[in-house]
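>>> Model the following, please.
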Amino acid sequence: QVQLVESGGGLVQGGGSLRLSCAASGRSFSSYAMGWLRQAPGKERELVAGISWSGGTTNYKDSVKGRFTISRDNAKNTVFLQMNSLKPEDTAVYYCAAGRFYYSDLGVFEDAMDYWGKGTLVTVSS
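Numbering: from 1, shown residues only. Predicted coordinates for the structure are as follows:
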């Protein structure tokens, strides 16, 4: 069992930056692949970034490539999402999730997630 708690959301102007954190408790955090997902009002949830157990492999949705960076600190049981050059269309509730296996296909990865946090709201003003 893994419990996930996100933090770091808030209101930011377009072009600004935010860093989201996800603290994990429970067993064997380092054995889980992790991901950040988001859901905007009226839209489907989407996986925007994934990272493997070791942190050596990452993958991003095209719309955030070059602007978002996912990383993890296994010693501190934490995964991060650094978001730069934010746009109004990045406004969403952001969730972190954990899965036993890493998949390079973001759609497959999302379907394989086992544990979810409750989310943190990111609002980007124009």
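
>>> What pLDDT does the model give Leu11?
Predicted confidence (pLDDT) for Leu11: 98.

>>> Which of the helices or strands spans it?
strand 10-13 (DSSP states H and E).

>>> Name the residues that touch that strand?
18, 86, 121-125 (CB atoms under 8 Å, 6 or more residues apart in numbering). For glycine as for every other residue, the C-beta is placed from the backbone atoms N, C-alpha and C.

>>> switch to 7 Å and redo it
18, 86, 123-125 (CB atoms under 7 Å, 6 or more residues apart in numbering).

>>> Which of the residues you listed fall in strands?
The strands, defined by DSSP state E, take in 18, 123-125 from the contacts of strand 10-13.

>>> List of residues touching stretch 58-77?
23-25, 29-30, 34, 36, 46-51, 55, 78-85, 104, 106.

>>> Can you tell me which of those residues are buried?
Using 16 or more other CB atoms under 10 Å as the burial test, the contacts of stretch 58-77 include 23-24, 29, 34, 36, 46-51, 55, 78-81, 83, 106 as buried.

>>> could you pull out the strands for the chain?
Under DSSP E, the chain gives strands at 2-7, 10-13, 18-26, 33-39, 46-51, 58-60, 68-73, 78-83, 92-99, 115-116, 120-125.

>>> average pLDDT across the fifth one?
This predicted structure assigns strand 46-51 an average pLDDT of 96.

>>> List every C-alpha atom in that strand, with coordinates, as CSV.
C-alpha atoms of strand 46-51 as CSV (Å, rounded to 0.1, in the frame of the first residue of the first chain):
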residue,chain,number,x,y,z
GLU,A,46,-4.1,12.7,-19.0
LEU,A,47,-0.7,11.5,-17.9
VAL,A,48,1.8,14.3,-18.6
ALA,A,49,5.0,12.8,-17.2
GLY,A,50,6.3,9.4,-16.0
ILE,A,51,9.5,8.3,-14.4
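
>>> and Lys87, what is it in contact with?
Lys87 sits next to 14, 124 when contact means CB under 7 Å, 6+ apart.
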